[in-house]
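Participant: Sequence and predicted model, in that order:
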Amino acid sequence: MHQLVYRSIALEEEFGESDLDILLKALTFNRRAGITGFLWRGREQFFQALHGPREVLLALMERIRQDPRHRDVEMLLSEDTDAPTPFNDWAMGYNYVTEDMLGLALETDGTRPEISPAKAREVWLSMVEQAQNETEWGGSSPYGRKPDESMDAWIKRLAEFRG
């Protein structure tokens, strides 16, 4: 198994049609591919943690790098692991992150702060913790999963946002 965290610059506004499309496609693909993870959306950035089969994740990362809904994909953490997924049944979680509170916000000139390996590990652990909390309490974003909502019911509810 493999686990990774990356960040990228979002090209659309948060909670827009683009975010919904990313989430729905990730939920569908990841369930079939045995991938779990969590996606944070900030004002200007995405942060995503993924756990799954190494070859599948590395191929997925190549597709993610080419996705026109974001740019400047930067790998923060990428490592093999024997550990089981810490994301339980989250084919893909989703919530907003306040980048400023974690020291991850873009500088006023648009540059990204440096993220050390220790900080990348902190981001990973924070995403794991959020996934575990949302399993019990649900998510607060418009696209968040509700407490005790099955994956199928959540995907159906998200699809209804499209009309």
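Facilitator: Here it is on my side, so go on.
Participant: From now on I want contacts and neighbour counts done on CA atoms only, so please keep to that.
Facilitator: Will do.
Participant: Low-confidence ranges, this protein, go.
Facilitator: 163 (pLDDT under 70).
Participant: all helices for the protein, in order.
Facilitator: Ranges of helices in the chain, per DSSP state H, are 17-33, 54-66, 117-137, 151-161.
Participant: do you know which of those helices lies nearest residue 101?
Facilitator: Of all the helices of the chain, it is helix 117-137 that lies closest to residue 101, at 11.8 Å by Cα to Cα.
Participant: Show residues contacting the closest one.
Facilitator: 5, 38, 40, 49, 76-77, 86-87, 90, 93, 145-148 (Cα atoms under 8 Å, 6 or more residues apart in numbering).
Participant: List the contacts of the nearest residue to residue 36 once chain neighbours are set aside.
Facilitator: The spatial neighbour of residue 36 that comes closest, neighbours along the chain excluded (Cα to Cα, 6 or more residues apart in numbering), is residue 91 at 4.3 Å. Shown in contact with residue 91 (Cα under 8 Å, 6+ apart): 26-28, 30-31, 34-38.
Participant: Going by distance to residue 139, which of those wins?
Facilitator: residue 38 (11.7 Å).
Participant: Next, work out how far apart the residue nearest the centre of the chain and residue 17 are.
Facilitator: Centroid-nearest residue in the chain: residue 39, 1.5 Å away (criterion: Cα atoms, centre = their mean). For residue 39, the distance to residue 17 equals 15 Å [Cα to Cα, to the nearest Å].
Participant: Tell me how many other residues crowd residue 6.
Facilitator: By other Cα atoms under 10 Å, 20 other residues sit near residue 6.
Participant: Is it in contact with residue 39, as I believe?
Facilitator: No - between residue 6 and residue 39 there is no contact under Cα atoms under 8 Å: 9.8 Å.
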